[in-house]
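1. quick one, what's the 3D model for this:
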Amino acid sequence: MLSLHSCKIDLFGTNDVSQAHWAVLVAGSNGFWNYRHQSDVFHSYQILLENGMPKENIIVLAYDDIANNKENPFPGKVFNQPDPSGPGRNVYKGVSIDYTGDDVNPENFLAILEGDEAKVSGKGSGRVLKSTQSDNVFVYFSDHGATGLIAFPNSELYADKLIATFKKMKANNSYNKLVFYLEACESGSMFDKILPTDMNIYTTTAANPDQSSWASYCYPDDIINNIHVGSCLGDEYSVNWMEDSEGESSQSESLDTQFKNTKSKTKNSEVHQYGSLDYVSESIWDFQGENVEKRGIVGGIGKYFTSVSEKIKSYLGLEPQQTRASPIDAEFLEYLEEAKGSRVDSREAKLFYLYQKAMRTNDQQSQKQLDQEIEHVNLSDYIFSSFNEELSVSEMMLLQIFSSIA
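-> Residues are numbered from 1 along each chain as shown. Sure, this is the predicted structure:
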């Protein structure tokens, strides 16, 4: 495990001090089983702050229902990395969240990127990007996704709308260069073949257009000071790029080096890059921090799935198969036993969370929640397989079709 308190000193800075850096950080989910998305974002906030970016230039969107959740064994604290015998690092400490609850939605996110204060008037802090054509912008988003969309707590953002916002930002001279790190299943589909390469926008994604991303630091590694948190602490791609940013060699690290390091460490999905590649030799701190001179010494260290399922069921007039009679069947137990070093497919994270909760608490309510999730998984599998048999289409095509009406 990386040290949480490695000191970094930069003595040679050459950046233009007139340039400002901005960031928008988004955790698009809610619910304790989605703990990892908010912990990812809170951790990224700490990295930016510690590396010189003024908190006034960082805009955070997070539902904010994790730190003080009744299921959290550490009230008021959130952890993105395990610390089995120590107190861990509370990444929630000091985080200033601008938009919480239902204000975490696609409309507000796009308005923030566009710098449109009128659209967010009366919502959250009302803060939006104030960046100019001289400023760099860093965007990090962590949540669920599907082909051509990324999820928010109660709705989705589609790729075409995100690209349209980028074009508007470019036309309005709202940035010099923009870097976007995206953690989500099928995240590559948000940019593949649709993000222009001449807009000074560079993106990396947790997965290619056709695969899941993976949760990380799940049971049994979700442990702080000998206590299991009860949910996955982070996401594989996300903890890899953040731990890379906190590494000893990061002071001289380029965007391209970070991409290669993250790609090599992310074993369960294929990390991709898209957009403008002509400035990937520039320092990560031109986007994840402030100008070198200003940094000095720094410390390093499924609601939408349900709606789609219901609409498909209604469309087909299908009834679910008989649900699994036992709480946990042999197939799922085999899956648990083959879990890859405490990492699980993001699509299975809720099932994994509910299983661990039921095993830990051994109460009726937890068992009921687990049974309901198993039934939902069975229903989804049945619907997709039935549709495939009748129409000879793939699950990916189905997600594309029905995400448009979700």
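
2. what's the domain layout of the chain?
-> 12-301, 304-403 (automatic domain parsing).

3. who are the contact partners of residue 68?
-> Contact analysis of residue 68 by Cβ atoms under 8 Å, 6 or more residues apart in numbering lists 75, 76. No exception for glycine: its C-beta is placed from N, CA and C like everyone else's.

4. any weak-confidence spans in this structure?
-> Residue ranges of the chain with pLDDT under 70: 1-19, 291-345, 347-348, 375-406.

5. and residue 266, how many neighbours?
-> Neighbourhood size, residue 266 [other Cβ atoms under 10 Å]: 23.

6. contacting residues around it?
-> Counting by Cβ under 8 Å, 6+ apart, residue 266 makes contact with 206, 214, 236, 237, 240.

7. residues near the last one, how many?
-> Residues lying near residue 240 (other Cβ under 10 Å) number 22.

8. ok, the third one next?
-> For residue 236, the tally of surrounding residues (other Cβ under 10 Å) stands at 28.

9. what residues are up against it?
-> Applying Cβ under 8 Å, 6+ apart, the residues near residue 236 are 206, 213, 214, 215, 216, 266, 267, 268, 269, 343.

10. same thing but 7 Å
-> 213, 214, 216, 266, 268, 343 (Cβ atoms under 7 Å, 6 or more residues apart in numbering).

11. ditto for the fourth one
-> Applying Cβ under 7 Å, 6+ apart to residue 237 gives the contacts 183, 206, 213, 262, 266, 269, 271.

12. what's the farthest-apart pair in those?
-> 213 and 262 (12.1 Å; Cβ to Cβ).

13. who has more neighbours, these two?
-> Legend: neighbour count by other Cβ under 10 Å for residue 213 and residue 262, higher for residue 213 (33 against 24).

14. right, and the more buried one touches residue 234 too?
-> No. Between residue 213 and residue 234 there is no contact under Cβ atoms under 7 Å: 11.3 Å.

15. residue 372: which element?
-> helix 364-391 (DSSP states H and E).

16. picking that back up, determine which two of the contacts of residue 266 are furthest apart.
-> 214 and 240 (10.5 Å).

17. now, the contacts of residue 237 that are in strands?
-> Judged by DSSP state E, the subset of these located in strands is residue 183.

18. output the contacts of residue 237 in a markdown table; the columns should cover distance to residue 141.
-> A markdown table is the format used below for those (distance: Cβ to Cβ, whole Å):
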| residue | distance to residue 141 |
| --- | --- |
| 183 | 7 |
| 206 | 10 |
| 213 | 12 |
| 262 | 15 |
| 266 | 17 |
| 269 | 16 |
| 271 | 15 |
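
19. looking at the contacts of residue 237, which are in helices?
-> residue 262 (DSSP state H).

20. ok, of the contacts of residue 237, which one's closest to residue 51?
-> residue 262 (17.3 Å).

21. helix, strand, or coil at residue 247?
-> coil (DSSP: H, G, I helix; E, B strand; the rest coil).

22. one more: the one 4 residues further on?
-> Three-state call for residue 251 (three-state DSSP): helix.

23. near it, how many other residues are there?
-> Using other Cβ under 10 Å, residue 251 has 19 neighbouring residues.

24. ok, now the one 5 residues further on?
-> Using other Cβ under 10 Å as the criterion, residue 256 is surrounded by 16 other residues.

25. residue 153 and residue 201: what is the separation?
-> Here residue 153 is placed at a distance of 26 Å from residue 201 (Cβ to Cβ, to the nearest Å).

26. same check on residue 229?
-> Residue 229 is 35 Å from residue 201, by Cβ to Cβ.

27. and what of residue 84?
-> Taken as Cβ to Cβ, the span from residue 84 to residue 201 is 40 Å.
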